[in-house]
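Colleague: A structural model of the following input is requested.
(one chain, ligands or ions: 1)
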Amino acid sequence: MSNGKIYLVGFGPGAQEHMSYRARAAIAEADVVIGYSTYIKLVQELLDGKEVIRKGMTEELDRCTEAHEHARQGKIVALISSGDIGVYGMAGPTYEVLLASGWRPGEGIEVEVVPGATALSACAALVGAPLTHDFCSISLSDLLTPWPAIARRLEAAARADFVVALYNPKSGRRTGQIVEAQRILLRHRTPDTPVAVVKSAYRKKQSIQMTRLAQMADCEIGMLTTVLIGNSSTFMQDGLMITPRGYANKYQPSGEVKDGEQAGRSLSHGLDGWKMDVRERLARGESPEAIARHFDLPLTEIESVMKEEPAHV
Ligand code: SAH
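Modeller: Numbers count the residues shown, from 1 in each chain. Sure thing, here's the model as predicted:
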């Protein structure tokens with residue numbers, strides 16, 4: 001009997017044209033397709049002649065075990081999920097089930113993860129360019145993650161000025177999490193921080209609400225919503241949400257390089273430059289504590305600059 005194969009397929013946000021060629025080919029090659037019933041509906045036209053196993057929301061581990069069972073019989077199985085299956089998806093649990101059963105990579109059943117456009121990319125594309133600088137995603141689901149861990153991540157992301165994408169922001173039973181998230185974010189961001197609330201991106205019931213952090217929790221938010229919260233430079237103009245790349249730190253509006261900066265080189269406050277500033281401040285008599293406060297960095301960062309020999313440029 002030949003070895004089976006498990007494709008872990010992320011098919012993107014929903015619409016056919018946003019599915020990758022590889023995702024389509026994997027589903028076409030599969031003998032068995034397993035997925036949450038809503039996902040199965042989204043790829044219905046690719047399923048003719050295949051064994052289709054529909055699972056409910058709470059049967060996640062069943063889906064992994066079932067994929068394993070069928071692959072053990074030598075079949076090609078596609079376990080499908082929306083977005084990217086490795087982002088809050090079934091890729092992790094499937095590998096865990098396989099490893100726990102004694103499976104090892106390169107032996108027996110072959111496994112291939114097929115990446116897809118995750119919800120944050122899809123939702124960002126619909127509202128402009130909110131993720132053009134550092135961002136992070138945080139799931140507000142406390143079904144498997146303790147709230148203090150979620151709160152700590154929200155606090156850290158807000159403090160570090162990341163653009164934040166919130167997955168699983170709200171459901172019928174989980175309505176307080178988005179309110180708490182708003183409260184934590186407001187400790188570090190202004191109430192008028194741009195926010196995009198995107199529901200069912202690239203699906204029939206797509207809806208977009210452009211709002212501000214102070215009003216975020218009042219928006220209509222559900223299970224299929226992703227919330228994108230800007231950083232301190234994100235702006236909203238003509239219905240677009242945009243996070244600048246940082247060109248304004250280096251260039252004049254005319255296109256000329258600003259005084260003290262060089263094209264193609266780190267900023268004057270890049271890795272070496274900021275240390276020079278620290279040394280100048282120390283030489284002027286500023287305390288390490290005051291410098292740490294100025295840069296909003298731990299004191300240990302200032303102390304390690306103090307220990308270093310100045311770089312010779
Ligand atoms: N693997 C998926 C995420 C699963 S977690 C991915 O990579 O996109 C489920 C959460 O994803 C939802 O609560 C919602 O926050 C987000 N999501 C998934 N599909 C979406 C869509 N089409 N539009 C908006 N948000 C979506």
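Colleague: For Ser171, grab phi and psi.
Modeller: phi -140, psi -180 (degrees, to the nearest 10).
Colleague: so how far is stretch 262-276 from its chain's centroid?
Modeller: The gap between where stretch 262-276 is centred and where its chain is centred comes out at 29 Å by CA atoms, centre = their mean, to the nearest Å.
Colleague: tell me which residues of it are tucked away?
Modeller: 268, 273-275 (16 or more other CB atoms under 10 Å). Using the backbone N, CA and C atoms, a C-beta is placed for each residue, glycine as well.
Colleague: start to end distance for it?
Modeller: 16 Å (CA to CA, to the nearest Å).
Colleague: So in terms of bridging, what pairs with the residue of the stretch 1-150 of the chain found nearest the ligand?
Modeller: Across the stretch 1-150 of the chain, no residue is closer to the ligand than Gly83, which sits at 2.0 Å (CB to the nearest ligand atom). Listed by DSSP bridges, the beta-bridge partners for Gly83 are Gly12.
Colleague: What residues does Lys5 make contact with?
Modeller: 71, 76-77, 109-112 (CB atoms under 8 Å, 6 or more residues apart in numbering).
Colleague: And it, its phi and psi?
Modeller: Here Lys5 shows phi and psi, under degrees, to the nearest 10, equal to phi -140, psi 140.
Colleague: coming back round to it: I'd like to know how far the residue of the stretch 1-150 of the chain closest to the ligand sits from Tyr167.
Modeller: From Gly83 over to Tyr167 the distance is 9 Å, taken as CB to CB, to the nearest Å.
Colleague: Leaving out chain neighbours, which residue sits closest to Asn249?
Modeller: Leu267 (6.0 Å; CB to CB, 6 or more residues apart in numbering).
Colleague: Quick one: residues contacting the one you found.
Modeller: So Leu267 contacts 249-250, 261, 273 (CB under 8 Å, 6+ apart).
Colleague: ok, of those residues, which come out buried?
Modeller: For the contacts of Leu267, buried by 16+ other CB under 10 Å: 250, 261, 273.
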